[in-house]
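Asker: Need a 3D model of the sequence below.
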Amino acid sequence: MSNPVLVEVTRGQMVESRHRGMAVVMDGDGAVVLSLGDVETPVFPRSAVKSMQALPLVETGAADRYHFGDKELALACSSHSGEPEHMRMAGDIVARAGLSEADFECGCHWSSEQKVLIEQARAGDKPNQLGNNCSGKHSGFLCLSCHAGVDHHGYVGYDHFVQSSVRDVMADLTGTALGHDNCGTDGCSIPTYAAPLNTIAHGFARMASGTGLGPERARAAQRLMSACMAEPWYVAGTRRACTELMSIAPGKIFAKTGAEGVFCAAIPEKGYGIALKCEDGSTRGAEAMIGAVLARLFSDDEQLSSRLGDWSRKTLKNWNGIEVGRIRPAGDLA
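Answerer: Numbers count the residues shown, from 1 in each chain. Coordinates of the predicted model:
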């Protein structure tokens, strides 16, 4: 099946580039609300499922033991920009469990926020693991391991208690068998599992609605999504898509991006879960797609739908500030 063109990039009056993709919206009962492209082929959701990966942190009581509030929970679900407050909080979280930056196993990289990166370089800093965009998630993993009384060394490994707990939760939410056959290694060194987009969307719909979940898991899912919507900056950072989308409609949209053109979201008041992928892995394509899908789903709110639609369309300018083109939803998302 050939996936449809869902995003166009123009230059002047012509279309210069096109992005194909697939997108699906499900409700908690598993009914399809919207489906575009081949949504049954497994994809790696990457960081888009961090809220699912954080469920054991809340369910086991680890989050309460280490005094996680909304900001800490949002950071545990984040792909942050490595701004100073992100780094400070990741360090503070593991310090509560008696650990430090040296105990992370996510690797080091510079901040993705240009102003911060320039300051880091100017100060002669070296990147450390607190600045890794996944350090918030890893701080949660470390606290989970310590709370359970399990040696945290090697917590990124497939057979470690932490990753086994995450795998069980994700398999339950998506109804997909997860194992070595559909496993890869994510950028932060933990296992990542390929699953069909429709099952991922259904998992987010179940988290948003509580449908088919036990009371404890439903409460944990609601707590995590509410924390992210309350503190969207801690989920991503300055000028980041996740932060902007959740800020456009406070308390109405949960949104989380993932590498290689993946985006997941939920609309709690409607009980909808959303999963999509820009086929070529483009972030610009995925962002245009998620904005357009959300605009359609909020068609009953003309003002909000318009704001989301405007957000999905970006003006392209050259280095002289001259407008040269647009990124815009196309096809069934136009």
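
Asker: Please make it C-alpha for all contacts and neighbour counts, starting now.
Answerer: OK.

Asker: And for the spatially closest residue to residue 194 that is not a sequence neighbour, the neighbour number?
Answerer: Leaving aside its sequence neighbours, residue 194 sits nearest to residue 44 (CA to CA, 6 or more residues apart in numbering; 4.2 Å). Using other CA atoms under 10 Å, residue 44 is surrounded by 23 other residues.

Asker: May I have the phi/psi pair for residue 44?
Answerer: phi -80, psi 120 (degrees, to the nearest 10).

Asker: Show residues contacting stretch 141-150.
Answerer: 54, 56-57, 60, 62-63, 65-66, 93-94, 97, 104, 151-152, 155, 161-162 (CA atoms under 8 Å, 6 or more residues apart in numbering).

Asker: mind checking which helix or strand residue 67 is in?
Answerer: Here residue 67 sits in a region with no helix or strand, counting by DSSP states H and E.

Asker: who's in contact with it?
Answerer: Per CA under 8 Å, 6+ apart, neighbours of residue 67: none.

Asker: Try it again at 10 Å.
Answerer: By CA atoms under 10 Å, 6 or more residues apart in numbering, the contact list for residue 67 reads 61, 73, 93, 96.

Asker: Can you tell me how far it is from residue 155?
Answerer: 21 Å (CA to CA, to the nearest Å).

Asker: what do you get for residue 125?
Answerer: For residue 125 relative to residue 155 (CA to CA), the value is 27 Å.

Asker: These two: which has the busier surroundings?
Answerer: Just comparing residue 125 and residue 155: by other CA under 10 Å the higher neighbour count belongs to residue 155, 24 against 11.

Asker: Let me see the contact set for that one.
Answerer: 103-105, 138, 141-142, 144-145, 161-164, 189-190.

Asker: Mind giving me the PyMOL command for buried ones among those residues?
Answerer: A single PyMOL command is used to select the members of the contacts of residue 155 judged buried by 16 or more other CA atoms under 10 Å:
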select buried, resi 103+104+105+138+141+142+144+145+161+162+163+190
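
Asker: from the contacts of residue 155, which is closest to residue 229?
Answerer: residue 138 (20.3 Å; CA to CA).

Asker: Settle this for me: the closest one is touching residue 94, isn't it.
Answerer: Yes. The pair residue 138 / residue 94 is scored as a contact, 9.2 Å apart, by CA atoms under 10 Å.

Asker: list residues touching both of the two?
Answerer: By CA under 10 Å, 6+ apart, the residues touching both residue 138 and residue 94 are 103-104.

Asker: just to revisit the earlier point, buried among the contacts of stretch 141-150? Need that as a selection in ChimeraX.
Answerer: Remark: buried members of those, expressed as a ChimeraX selection using 16+ other CA under 10 Å:
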select :54,56,57,62,63,66,93,94,97,104,152,155,161,162
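
Asker: Under the pLDDT cut-off, which ranges of the chain? List them.
Answerer: 1 (pLDDT under 70).

Asker: hey, where'd the strands end up in this protein?
Answerer: 5-11, 14-27, 32-36, 42-43, 183-185, 191-193, 195-196, 254-258, 262-267, 272-278, 314-317, 323-329 (DSSP state E).

Asker: most tightly surrounded among those strands?
Answerer: Of the strands of the chain, the one with the most neighbours on average (mean count of other CA atoms under 10 Å) is strand 272-278, at a mean of 31.

Asker: helices or strands up against that one?
Answerer: strand 5-11, strand 14-27, strand 32-36, helix 197-209, strand 254-258, strand 262-267, helix 283-297 (3 or more CA pairs under 10 Å, 6 or more residues apart in numbering; DSSP states H and E).

Asker: any idea of the angle the first one forms with strand 32-36?
Answerer: Comparing the axes of strand 5-11 and strand 32-36 via axes from the mean of the first three to the mean of the last three CA atoms, to 10 degrees yields an angle of 50 degrees.

Asker: ditto for the longest one
Answerer: Counting by the same axes, to 10 degrees, helix 283-297 lies at 140 degrees to strand 32-36.
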